[in-house]
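> Following is a predicted model, sequence given first.
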Amino acid sequence: MESFYTLSLIISTIFVISFIIIFFCALKIYFNVEKTMMKNKRNDQDE
């Protein structure tokens, strides 16, 4: 029974870590897209 508990704990930890990594990657991509959109808007106004 002890090994099952340890295994579930390891899997849960891996899942949480991967979720956090994916979340930060999504944020990074979102902010990069926002920055690009802002640049495009600024260029449109200059013309």
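Perfect, I can see it now. Numbers count the residues shown, from 1 in each chain.
> What number of residues are in the vicinity of R42?
For R42, the tally of surrounding residues (other Cβ atoms under 10 Å) stands at 9. Backbone N, C-alpha and C define where each C-beta goes, glycine included.
> so it, which of the three states?
helix (DSSP: H, G, I helix; E, B strand; the rest coil).
> Now do it, the pLDDT please.
pLDDT recorded at R42 is 77.
> again, but for Q45
Here the pLDDT value assigned to Q45 is 72.
> Over to it. Which of the three states is it?
Counting by three-state DSSP, the backbone at Q45 sits in helix.
> Can we start the residue count at 49 from this point?
Sure, I'll start counting at 49 from here, so that last one is Q93.
> can you count the residues close to it?
Using other Cβ under 10 Å, Q93 has 7 other residues around it.
> try I58
For I58, the number of neighbouring residues by other Cβ under 10 Å comes to 10.
> Kindly list the main-chain dihedrals of it?
Torsion angles at I58 (phi, psi; degrees, to the nearest 10) stand at phi -60, psi -50.
> Find me the pLDDT at it, would you?
So I58 comes in at 97 (pLDDT).
> can you pull the contacts of it?
Residues counted as contacts of I58 (Cβ atoms under 8 Å, 6 or more residues apart in numbering): none.
> Run through the protein and note the low-pLDDT ranges.
By pLDDT under 70, the low-scoring segments of the chain are 94-95.
> So which residue is dead centre in it?
For the chain, the residue whose C-alpha lies nearest the mean C-alpha position (Cα atoms, centre = their mean) is F71; its distance is 2.4 Å.
> Which of the helices or strands spans that one?
Assigning secondary structure by DSSP states H and E places F71 in helix 50-94.
> Could you tell me how many residues sit around L75?
Count around L75 with other Cβ under 10 Å applied: 10.
> how close does it get to N91?
Applying Cβ to Cβ, to the nearest Å, one obtains 25 Å for the distance of L75 from N91.
> what does N80 give?
Per Cβ to Cβ, N80 is found 17 Å from N91.
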